[in-house]
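Colleague: Sequence first, then the predicted structure:
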Amino acid sequence: MSLISLRNVKKNYPLGKTVVHALRGINLDVEKGALMSIIGPSGSGKTTALNIIGCIDHATEGGVSIDNNDITSFSDTQLTDLRLYKIGFIFQTFNLIPVLNVLENVEFPLLLMGKMSKKERRDRAEKLISEVGIKEYMAHRPAELSGGQRQRVAIARALVTGPEIVLADEPTANLDSVTGEMILELMSELNKIENTTFIFSTHDPDVLKYAKDVVKLKDGLVVA
């Protein structure tokens, strides 16, 4: 049984008097514990596919199931819970909260969950911040960090809840090669030890070395 399944998923965006067909009917199955890379040129539909899997966007047509649940019929509350408890996101644009420091940004999903004491939240957040190599920047706000440092914060925040699925849109795009390699090693290790399912979209050939499965999109279709 697939953890994630997309069946004939289409996504259309109106653009003035025209319609952009971002996805034209893709079928995709992702097994639990996968380390999958979605590749393809700009405009191929990679980010759209991730956003639909992550319940950030809705399919225009087709079926999407996660853990054998058809999420196309989920309410907004159910989708919010799914995003909070089951899915971690690493965005290319970071999406950090500018008024919070690094520790507070990483802690924030745990605060929303409301299941840990303040000390447990802090300990968990500090552990992830150390693992991504930015412990000395815990009191800094995002504006005081480089692009690479902000990406590391985003990665720590995505992993802090121990999600079953992590979706990463170009996770190494803003990192130097050494930092990128370290982040990929960390994700690969979590995939092996905790069986976390990772799905990346990428242009980076170094990411492909870590992928167990590679899916190629072109013009909104799976071509390989």
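Modeller: Perfect, thanks for sending it. Numbers count the residues shown, from 1 in each chain.
Colleague: so after the helix or strand of the chain with the lowest mean pLDDT, what's the next helix or strand?
Modeller: Between all helices and strands in the chain, the lowest mean by mean pLDDT, DSSP states H and E belongs to helix 205-208, at a mean of 80. Using DSSP states H and E, the helix or strand that directly follows helix 205-208 along the chain is strand 213-218.
Colleague: Now that next one: buried residues?
Modeller: Val215, Leu217 (16 or more other CB atoms under 10 Å). The C-beta positions use only the backbone N, C-alpha and C, and glycine is treated the same way.
Colleague: which residues are contacting that strand?
Modeller: 26, 28, 34-41, 44-46, 49, 208, 222-224 (CB atoms under 8 Å, 6 or more residues apart in numbering).
Colleague: 7 Å instead, please
Modeller: Contacts of strand 213-218 with the rest of the structure, by CB atoms under 7 Å, 6 or more residues apart in numbering, involve 28, 34, 36-41, 44-46, 49, 208, 222-224.
Colleague: in this structure, which spans are helices?
Modeller: Here the chain has its helices, by DSSP state H, at 46-53, 76-85, 102-113, 118-131, 147-159, 177-194, 205-208.
Colleague: Any chance of JSON lines for those helices, columns mean neighbour count and distance to Met138?
Modeller: Listed next are these as JSON lines, based on neighbours: other CB atoms under 10 Å; distance: least, CB to CB, whole Å:
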{"stretch": "helix 46-53", "mean neighbour count": "23", "distance to Met138": "29"}
{"stretch": "helix 76-85", "mean neighbour count": "13", "distance to Met138": "23"}
{"stretch": "helix 102-113", "mean neighbour count": "20", "distance to Met138": "5"}
{"stretch": "helix 118-131", "mean neighbour count": "16", "distance to Met138": "6"}
{"stretch": "helix 147-159", "mean neighbour count": "24", "distance to Met138": "10"}
{"stretch": "helix 177-194", "mean neighbour count": "16", "distance to Met138": "17"}
{"stretch": "helix 205-208", "mean neighbour count": "14", "distance to Met138": "27"}
